[in-house]
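Chemist: structure of the sequence below:
(2 chains)
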Amino acid sequence: MVEATPRPSGPMAWLDSFGQFIIQVLDDLGRFFYIMASSVQWTFRRPFDGGELVRQMVRVGWDSVPVVFLTCLFTGMVLALQTFRGFERFHAEGFVGSVVALSLTRELAPVLTGLMVAGRVGSAMAAEIGTMRVTEQIDALYAMATEPIQYLVVPRVNASILMLPFLTILGDAVGIAGGWLVSVGLFGANPFLYMDRTFQFLEINDVTSGLIKAAFFGLILSTTGCAKGFYTSGGAEGVGRSTTSAVVTASLYILLSDFFLTKVLF
Amino acid sequence: MAGAAINQGRDSAEPLISVIGLYKAFGEKKVLNGVDLEIARGESLMLVGGSGAGKSVFIKHLIGLLQPDAGHVVVDGVDLTLAPPEIVLELRKRFGMSFQEGALFDSMTVAENISFPIRRHTSKSAEQVSARVRECLELVRLPGIENKMPSELSGGMRRRVGFARAIALEPEILLFDEPTTGLDPINTAAIGNVINQLRTELGVTAVTITHDMNLATKIADRVAMMRRGRILLADVPERFLKSKNWFVRAFLDGEVPDETQEEKS
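Modeler: Coordinates of the predicted model:
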């Protein structure tokens, strides 16, 4: 049988804890990709549960509308405020609309939507599935010949992939409107000229690449939330740990993958 | 040696479930230390033993919820430790299991919980499903609570709803993890009657974990005592109750066992 390995002390201790950290990270990544792969695999197997998918789409999409609305509205407004003050210095106030539109569609709307939904929905997924794990409800699913990945994870992941782009479109529109409000209302910009400038440099690719990113973020935040919940142990405290960790990890993955996705998509 | 005694009292029919040399450890805690047991088709086995003896872990191996570190569980010719997941999933449709704390889905009503396996695995009409739900609730003496949420129920009620859910599909093999713990004598007797009824009417095979020796003698063909991850003794209730084994004696008489006797036995 396995004997308890004594922990090293002194200068080797940091190496030991570094090793532990690496193992932890690899463990996390392994679970993440395992859940992702199995959810793809189980998406195409019977029985298909359309009702649950719709319920999750409402939770991820519709219920997130207020938070995405406010986040993107104020981001658009502050973006206009900042760029106006900056651009004023070299008399380029006319380009505020273009900057706001490009920043929002390409970057801010998808990332902020991803982060906000990770906080709202990713954490809820981890808490819900984690509670089911520690109260043996996951075991009960298995015992009733129901694959929990298919029943719990598949609808959540697919709903997130489908709904994040829609939320991002909303975010794009609301953010641009917020920029317009500030520029026109506070700085007296010409409302028609501002709108004109907004769309002058905006290409369809700016919007679609943002939507593709959003779908990826949906995949990341739901997979992280479900994986953290699925591998929860240690009762109520464990559920708390999983929930926090789901938000932190999903936010990190979103920001890291954002760089690489941007590099690939543009 | 306990190994010689474990299959006493079992009739010679082909076993439905064979457990061979099962070992399981969680980290450094060894929970199962070589369990060997055969359960015949139609048999009702009661599993008794102190808390932490490994009963719940053992029963979870029988349905493939846990994978052993070593050993095999063979159910009707299928080795759960080797079979692909699809086969195991298919096999589980023949099982019903109730969990210690009920394990009800807390996002669903009582009726949705009990009808879950029926809706999932059969194409019965809504009326047939709700009739079966009503019937199951009557069996566990909880009529009319279909629309309650699990959070509105007491622990004992949750356990009985969990029991009702386990039998809803009329499965061939039933696994009950302490179905009567914390229940009053009348409800305990009711659960016992349901198990006996299922055996006579449907010929189910049942494995029940319990601490209740009265229930054990009432519904068991065999009683197995588990201790420190092994089957200490398995025998028909009459002989089990007369066992001279020091630990079984202490368990039956409700005394703290004299651990120094272990080396002698």
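
Chemist: show me where chain A has helices.
Modeler: Along chain A, the segments classed as helices by DSSP state H run A:12-43, A:50-60, A:65-88, A:96-103, A:109-117, A:123-134, A:137-143, A:148, A:154-185, A:191-200, A:204-230, A:235-265.

Chemist: residues in chain A within reach of chain B, list them.
Modeler: Applying CB under 8 Å from any CB of the partner chain, we find that chain A lies next to chain B at A:1-2, A:4, A:47, A:128, A:131-132, A:135-137, A:139-140, A:142-147. Where C-beta positions appear, they are placed from N, C-alpha and C, glycine not excepted.

Chemist: filter these to the buried ones?
Modeler: Restricting these to buried positions leaves A:128, A:131-132, A:135-137, A:139-140, A:142-147, with burial counted as 16 or more other CB atoms under 10 Å in any protein chain shown.

Chemist: how about the residues of chain B by chain A?
Modeler: B:25, B:28, B:30, B:60, B:63-65, B:89-90, B:92-93, B:95-97, B:99-101, B:103-107, B:116-117, B:120-121, B:162, B:165, B:175.

Chemist: narrow those to just the buried residues.
Modeler: The neighbour-count test (16+ other CB under 10 Å) marks B:25, B:30, B:60, B:63-65, B:89, B:92-93, B:95-97, B:99-100, B:103-106, B:116-117, B:120, B:162, B:165, B:175 as buried among the residues of chain B next to chain A.

Chemist: which ones among those residues are found in strands?
Modeler: B:Ala25, B:Lys30, B:Phe95, B:Gly96, B:Met97, B:Leu175 (DSSP state E).

Chemist: isn't the fourth one up against B:Ala164?
Modeler: Looking back up the chat, that one is B:Gly96. No: applying CB atoms under 8 Å as the test, B:Gly96 and B:Ala164 come out as separate, 10.1 Å apart.

Chemist: for the stretch 101-250 of chain B, which residues score under the pLDDT cut-off?
Modeler: By pLDDT under 70, the stretch 101-250 of chain B has no low-scoring segment.

Chemist: next step: the buried ones among the residues of chain B next to chain A restricted to helices.
Modeler: B:Lys60, B:Leu89, B:Arg92, B:Phe116, B:Pro117, B:Arg120, B:Gly162, B:Arg165.

Chemist: what's the closest non-adjacent residue to the second one?
Modeler: If I follow you right, that is B:Leu89. Leaving aside its chain neighbours, B:Leu89 sits nearest to A:Ala145 (5.5 Å; criterion: CB to CB, 6 or more residues apart in numbering or on different chains).

Chemist: please verify my assumption that the one you found contacts B:Phe116.
Modeler: No: between A:Ala145 and B:Phe116 there is no contact under CB under 8 Å: 10.7 Å.

Chemist: and the strands in chain B?
Modeler: Assigned strands in chain B, in chain order: B:15-26, B:29-40, B:44-49, B:70-75, B:78-79, B:95-98, B:173-177, B:205-209, B:222-227, B:230-235 (criterion: DSSP E).

Chemist: so for the first one, what gets flagged as buried?
Modeler: So the one you mean is strand B:15-26. Within strand B:15-26, the residues that count as buried by 16+ other CB under 10 Å are B:Pro15, B:Leu16, B:Ile17, B:Ser18, B:Val19, B:Ile20, B:Leu22, B:Tyr23, B:Lys24, B:Ala25.

Chemist: biggest separation within these, which pair?
Modeler: The span of these, defined through CB to CB, is set by B:Leu16 and B:Ala25 at 27.1 Å.

Chemist: where does the residue nearest to A:Ser245 when sequence neighbours are not counted land on pLDDT?
Modeler: Among residues not flanking A:Ser245 along the chain, A:Lys228 sits closest, at 5.5 Å (CB to CB, 6+ apart). For A:Lys228, the pLDDT comes out at 95.

Chemist: how near is A:Lys228 to A:Val239?
Modeler: To A:Val239, A:Lys228 is 10 Å away according to CB to CB, to the nearest Å.

Chemist: now B:Ser154
Modeler: Taking CB to CB, one finds B:Ser154 at 23 Å from A:Val239.

Chemist: the two - which one has more neighbours?
Modeler: Each of B:Ser154 and A:Val239 had its neighbours counted (other CB atoms under 10 Å in any protein chain shown), and the higher figure belongs to A:Val239 (24 against 9).

Chemist: correct me, but that one touches A:Thr232?
Modeler: Yes: if you go by CB under 8 Å, A:Val239 and A:Thr232 touch, sitting 5.8 Å apart.

Chemist: quick one: residues contacting B:Leu232.
Modeler: Taking CB atoms under 8 Å, 6 or more residues apart in numbering or on different chains, we find B:Leu232 in contact with B:Ala2, B:Gly49, B:Met225, B:Met226, B:Asn245, B:Phe247, B:Val248.

Chemist: out of those residues, who's nearest A:Pro165?
Modeler: Nearest to A:Pro165 among the contacts of B:Leu232: B:Met226, at 54.6 Å, using CB to CB.

Chemist: redo the buried ones among the residues of chain A next to chain B as a markdown table? Include pLDDT.
Modeler: Converted to a markdown table, those look like this (pLDDT from 0 to 100):
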| residue | pLDDT |
| --- | --- |
| A:Glu128 | 95 |
| A:Thr131 | 95 |
| A:Met132 | 95 |
| A:Thr135 | 92 |
| A:Glu136 | 92 |
| A:Gln137 | 94 |
| A:Asp139 | 94 |
| A:Ala140 | 94 |
| A:Tyr142 | 93 |
| A:Ala143 | 93 |
| A:Met144 | 93 |
| A:Ala145 | 91 |
| A:Thr146 | 92 |
| A:Glu147 | 91 |
